[in-house]
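[1] Okay, structure incoming, though there's no sequence with it:
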């Protein structure tokens, strides 16, 4: 209960910082766009494309992480470009007030980017791929029934090959070939043949 409360309050704090930083960063970018010739709806929407790109790229990276997949190169580039653009826009907004003014103006953008990444880290199961979560749940069930976890996790290579072959016998198509089974399990074809032969003609006990 205490851990859950900590996560909730932390998420709320990070979200509050992100919201405040987003509003200030947007205002800075909006004023910068207006001062450089844009107006109306265009001036109001351009800042959204900058911070929106950071959010979209972060979501793609988070999704890839959860699925234990390689992060798309485009997502990495988009995140980097978005970070540079939002910080650059805020720096440009305050540069007329000197170095201190530029740093003060840039801070909301830095806080916004940091908040985005912190929120990604706080997202439930963000650091655990779905297949690992399923394995953890299965292991917990095994322990509840008093069974060692290894009984359902471990399976010999011979048993796996035999299980695949038997399952294919019950299917609508042809049984799996010895060549296919050998390639799938990374063994020699002769070993597959021996396993299947032993099934058809079991050795006397």
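    Happy to help now that I have it. As the structure is a prediction and not an experimental result, all values here were calculated from the model.

[2] Tell me the first helix or strand C-terminal of the helix or strand of the chain with the lowest mean pLDDT.
    For the chain, the helix or strand with the lowest mean confidence is helix 150-153, at a mean of 44 (criterion: mean pLDDT, DSSP states H and E). Next in sequence after helix 150-153, counting helices and strands by DSSP states H and E, comes helix 157-169.

[3] Next, the buried residues of that following helix.
    By neighbour count, and taking 16 or more other C-beta atoms under 10 Å as the criterion, the buried residues in helix 157-169 are 161, 162, 164, 165. The way it works is simple: take the backbone N, C-alpha and C, and place the C-beta from them, glycine included.

[4] What sits closest to residue 42 if chain neighbours are left out?
    Nearest residue to residue 42 in three dimensions, chain neighbours excluded: residue 33, at 7.7 Å (C-beta to C-beta, 6 or more residues apart in numbering).

[5] The one you found sits in which helix or strand?
    Assigned by DSSP H and E, residue 33 falls within helix 2-34.

[6] Kindly provide the distance from the residue most central in space within the chain to residue 71.
    If you average the C-alpha coordinates of the chain and look for the closest C-alpha using C-alpha atoms, centre = their mean, you land on residue 65, 2.4 Å from that point. With the distance defined as C-beta to C-beta, to the nearest Å, residue 65 ends up 7 Å from residue 71.

[7] same deal with residue 39?
    Counting by C-beta to C-beta, the gap from residue 39 to residue 71 is 38 Å.

[8] the more surrounded of these two?
    More neighbours sit around residue 71 than around the other of residue 39 and residue 71, counting by other C-beta atoms under 10 Å; the figures are 15 against 9.
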